[in-house]
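Trainee: I'll drop the sequence and a predicted model, then ask my questions.
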6 protein chains.
Amino acid sequence: MPYVNIKITREGATATQKAELIAGVTRLLQEVLGKNPATTVVVIDEVETDNWGIGGETVTLRRQRGN
Amino acid sequence: MPYVNIKITREGATATQKAELIAGVTRLLQEVLGKNPATTVVVIDEVETDNWGIGGETVTLRRQRGN
Amino acid sequence: MPYVNIKITREGATATQKAELIAGVTRLLQEVLGKNPATTVVVIDEVETDNWGIGGETVTLRRQRGN
Amino acid sequence: MPYVNIKITREGATATQKAELIAGVTRLLQEVLGKNPATTVVVIDEVETDNWGIGGETVTLRRQRGN
Amino acid sequence: MPYVNIKITREGATATQKAELIAGVTRLLQEVLGKNPATTVVVIDEVETDNWGIGGETVTLRRQRGN
Amino acid sequence: MPYVNIKITREGATATQKAELIAGVTRLLQEVLGKNPATTVVVIDEVETDNWGIGGETVTLRRQRGN
């Protein structure tokens, strides 16, 4: 019954990679806490780099500097 | 003053249906808890089926199998 | 499969009222969008009035003034 | 280490304005709580006006009436 | 830089189990998407069973019936 | 009408500091985006250090090492 929300910057994650994240997190919750995979919900949000800040600046700006 | 976030898969909900959700949740909070509708906020997130997982797999895959 | 998060101030909502919110939101999503109640998840967060702000001030302060 | 999520309606906020929000919130958390800016994360969600409700109706409808 | 929020019912997860979840999710994001562990943030919310609904009823009620 | 959620570790923020955060974020949204303070909602979540991870480990562990 867990609910997991994963937020990442929108920088080209493929459908396959997202499916791997969903499978992996669901398995982890089963292994660590015995949670039933059938009712584990995972939602992935992909966020524009203009809308994600760390260290007081946008990821867009960090990427331009090569970070 | 309540804040409600509704997450659904992006599968064609119309503007009218979303307005019905907003009106319905706001009314429910007034009826059950006496919350003031004027300051009740409802935000609906529509999530791509590739980004929504349940049972360890994406909704995209489930839809392909007819679920 | 929807996921709903309801945030309210912690001001004495009873277990019965919270059960009514859960039942009501689940029914609404079924009626408006045909969502399967069996996989609809609702999470209620009760937030201390010191931690909730509206109009630039805490709800604690508003309650002291009689709002 | 704080995490801040800002939700606004999608009504033309520019990249510069979003960068100002990110810088301003990060600074505020440093000034008020001494939080390290290097690990402060800010995520801005821009939400369609059809998907945002207040007072039981969508922002789309409110804007049409001139609110 | 990812941000992950895991919501589970408050039913006795230990500090060790929560540390395993945090380590496991962080590793998964590195393996699948190459995300830097140093800036991956994971927040776990433990929710009272009265405040978690599935299938239109609270987890408290389901537990009483033996689910 | 913005909604802001601030998550910090529970490490002794006072009611006064939380009120300053609420006032400061509300003012920032007015200055940068012209948002109406009257309908700006801010919710602060204080999270136990066992439940907050960064760099793949809990904040509890980091604090024990002096970070």
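Mentor: Everything's here; your move. Numbers count the residues shown, from 1 in each chain, chains lettered A, B, ... in the order given.
Trainee: just want the phi and psi numbers for the closest residue to residue A:55 other than its chain neighbours.
Mentor: What sits nearest to residue A:55 in space, not counting adjacent residues and going by CB to CB, 6 or more residues apart in numbering or on different chains, is residue D:38, at 5.1 Å. Where you see a C-beta, it was placed from the backbone N, CA and C, and this is true even at glycine. Note on residue D:38: its backbone torsions stand at phi -60, psi -30 [degrees, to the nearest 10].
Trainee: could you count how many residues lie near residue D:38?
Mentor: Around residue D:38 sit 11 other residues, with neighbours defined as other CB atoms under 10 Å in any protein chain shown.
Trainee: surely it and residue A:57 touch.
Mentor: No. Because the distance of 10.8 Å does not satisfy CB atoms under 8 Å, residue D:38 is recorded as not touching residue A:57.
Trainee: buried set for stretch A:25-44?
Mentor: A:25-29, A:32-33, A:35, A:37, A:39-44 (16 or more other CB atoms under 10 Å in any protein chain shown).
Trainee: for chain A, just list every one of the strands.
Mentor: In chain A, the segments counted as strands under DSSP state E are A:3-9, A:41-47, A:52-54, A:57-58.
Trainee: dump the ones you listed into CSV; add distance to chain F and mean pLDDT as well.
Mentor: As requested, the strands of chain A are exported to CSV (distance: least, CB to the nearest CB, whole Å; pLDDT from 0 to 100):
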stretch, distance to chain F, mean pLDDT
strand A:3-9, 12, 98
strand A:41-47, 14, 98
strand A:52-54, 12, 98
strand A:57-58, 14, 98
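Trainee: what sits against the closest residue in space to residue A:11 that isn't next to it in sequence?
Mentor: The shortest distance from residue A:11 to any non-neighbouring residue, by CB to CB, 6+ apart, is to residue A:49 (6.9 Å). Taking CB atoms under 8 Å, 6 or more residues apart in numbering or on different chains as the contact definition, residue A:49 lies against A:9-11, A:58-60, A:63.
Trainee: now that we have these, which one has the most neighbours?
Mentor: The member of these that has the most neighbours, counting by other CB under 10 Å, is residue A:58 with 25 neighbours.
Trainee: that residue contacts residue A:64, correct?
Mentor: No. With contact defined as CB under 8 Å, residue A:58 and residue A:64 do not form a contacting pair (9.5 Å).
Trainee: okay, residue A:67: pLDDT?
Mentor: Reading off the per-residue confidence, residue A:67 sits at a pLDDT of 76.
Trainee: ok, residue A:55 next?
Mentor: Residue A:55 carries a pLDDT value of 96.
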